[in-house]
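Chemist: Have a look; sequence and predicted model below, questions after that.
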Amino acid sequence: MWLDADDGRARKICALGVRASRWVTMHGFAFNVNTDLSYFNNIIPCGIDDKDVTSMARELGGPLDIDEVKAQLKTQIARLFGMELDSTS
């Protein structure tokens with residue numbers, strides 16, 4: 001997932017992945033919240049060497065409460081897929 005993808009300042013904040021092998025599928029994502037971005041200086045993320053990697057903390061100017069981010073993310077994904085969360089989720 002990209003921020004400002006169309007204006008030449010594209011920054012990757014999330015990676016999505018899907019794998020299918022021998023009739024088994026796997027999926028997941030990595031969302032940069034309070035990520036130490038210095039590690040990305042040692043790799044070429046997703047093989048894309050002309051774009052930057054960012055995090056919510058960088059974009060918003062400071063660290064975030066990870067539990068609050070998780071709760072919001074869960075709520076938004078549930079809403080996207082038309083699901084309701086119970087109080088224990």
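Modeler: Looks like it arrived, so ask away.
Chemist: List the residue ranges of the chain that fall below the pLDDT cut-off.
Modeler: The chain contains residues with pLDDT under 70 at 87-89.
Chemist: remind me, longest helix of it?
Modeler: Ordering each helix of the chain by length in residues (DSSP state H) puts helix 66-80 first.
Chemist: buried ones in that helix?
Modeler: Going by neighbour count (16 or more other Cβ atoms under 10 Å), nothing in helix 66-80 comes out as buried. From N, CA and C alone the C-beta is placed, and that goes for glycine too.
Chemist: what's next to it, contact-wise?
Modeler: The contact list for helix 66-80, computed with Cβ atoms under 8 Å, 6 or more residues apart in numbering, reads 31, 33, 34, 56, 84, 85, 89.
Chemist: swap in stretch 12-21?
Modeler: Residues outside stretch 12-21 that contact it (Cβ under 8 Å, 6+ apart) are 1-3, 25-32, 45-46, 48, 51-56, 59.
Chemist: what's the span of stretch 52-69 from first residue to last?
Modeler: One end of stretch 52-69 to the other measures 22 Å (Cα to Cα, to the nearest Å).
Chemist: what's the spacing between that stretch and its chain's center?
Modeler: 11 Å (Cα atoms, centre = their mean, to the nearest Å).
Chemist: what do you get for stretch 40-49?
Modeler: Worked out by Cα atoms, centre = their mean, stretch 40-49 lies 15 Å from the chain centre.
Chemist: In it, which residues are buried?
Modeler: Buried residues in stretch 40-49 (16+ other Cβ under 10 Å): residue 40.
Chemist: Without its sequence neighbours, what residue ends up closest to residue 51?
Modeler: residue 10 (4.9 Å; Cβ to Cβ, 6 or more residues apart in numbering).
Chemist: so who does the one you found touch?
Modeler: Contact analysis of residue 10 by Cβ under 8 Å, 6+ apart lists 2, 3, 4, 51, 52.
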